[in-house]
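Asker: got a predicted structure here, sequence first:
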Amino acid sequence: MTLGSLWLLLARRTRLWMAGGTLAVLAGTALGLLSLTAFVDSGTSEPLALLPSMALSLGGGYAVLFPGISASRCNVRIHRNWRGHPRTGRFLWILSLAVAVAGLGTCIAAGTVNPLAPGVLVWMFMGVYLALAGWATAIIGASAAARQDQPEPLRAGARVPGR
C-alpha cells in the first residue's frame, strides 16, 4: 500500500484539516524563528509577539492530530503490530518522538542559559511534534482500517464451501 493510496483512504474533510493544520504549523514555526532571532539579539522576549506563533503552532498541530486520530476506525496497537504498519507511518512516529525529545532537551539547555528562552522555543517544537504525530496516526490508522476491511486469506487446511 502506497502513501498516495493511504491518502485517498482519508475523508476529504480530514485531508483538508490536516493540510491546513500543517500549513499553520509551518507558519507558526517561521514566526517562532523570527521571534527567536529577535530574542537572541535583545535578550528579552515580548509575550505579545509570541502569541501568533503559539496560536498557529499549537492550533495547527491539534488541527492535524485530532483528525489523524479520528481517521482510524479500528483499535490500533502501535507496538504490537509494528512490523505491519507502513514504513512511512513508522518513520513519522519515530520522527515525532525524536522531535519531542530534542525539544525537551533544547528547552532545558536553553533554560539554564536564560530563563525566558524555553518560552520562545516550546511552541515551535510542540507544533511540529503534534503535526508529525497526527500524520503518523492517520497513516497507521488508515492502513490498519484497510487491512481490517480485507478478507483474511484461507488458512492451510481450510475448506472452501462447495468443494
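Answerer: On my side now, so go ahead.
Asker: rest of the way, CA atoms for contacts and neighbours
Answerer: Noted.
Asker: how far away is Ala131 from Ile69?
Answerer: Distance, Ala131 to Ile69, using CA to CA, to the nearest Å: 11 Å.
Asker: what of Pro52?
Answerer: According to CA to CA, Pro52 stands 25 Å off from Ile69.
Asker: have a look at these two and say which one is more surrounded.
Answerer: When Pro52 and Ile69 are compared for neighbours, Ile69 comes out ahead with 19 against 15, by other CA atoms under 10 Å.
Asker: got the contact list for stretch 57-77?
Answerer: Residues from elsewhere that reach stretch 57-77, judged by CA atoms under 8 Å, 6 or more residues apart in numbering: 10-11, 14, 17-29, 123-124, 126-131, 133-142, 144-145, 148.
Asker: tell me the contacts of Thr29?
Answerer: Taking CA under 8 Å, 6+ apart, one finds Ser53, Ser57, Trp123, Met124, Gly127, Val128 in contact with Thr29.
Asker: hmm, try it at 6 Å
Answerer: Met124 (CA atoms under 6 Å, 6 or more residues apart in numbering).
Asker: do you know the pLDDT at it?
Answerer: With respect to pLDDT, Thr29 has a value of 91.
Asker: Gln148 now?
Answerer: 65.
Asker: hang on, the earlier thing: narrow the contacts of stretch 57-77 to those that are buried.
Answerer: With neighbours counted by 16 or more other CA atoms under 10 Å, the contacts of stretch 57-77 contain buried members at 10, 14, 17-29, 123-124, 126-131, 133-142, 144-145.
Asker: how far away is Leu31 from Val64?
Answerer: Note on Leu31: its distance to Val64, by CA to CA, is 19 Å.
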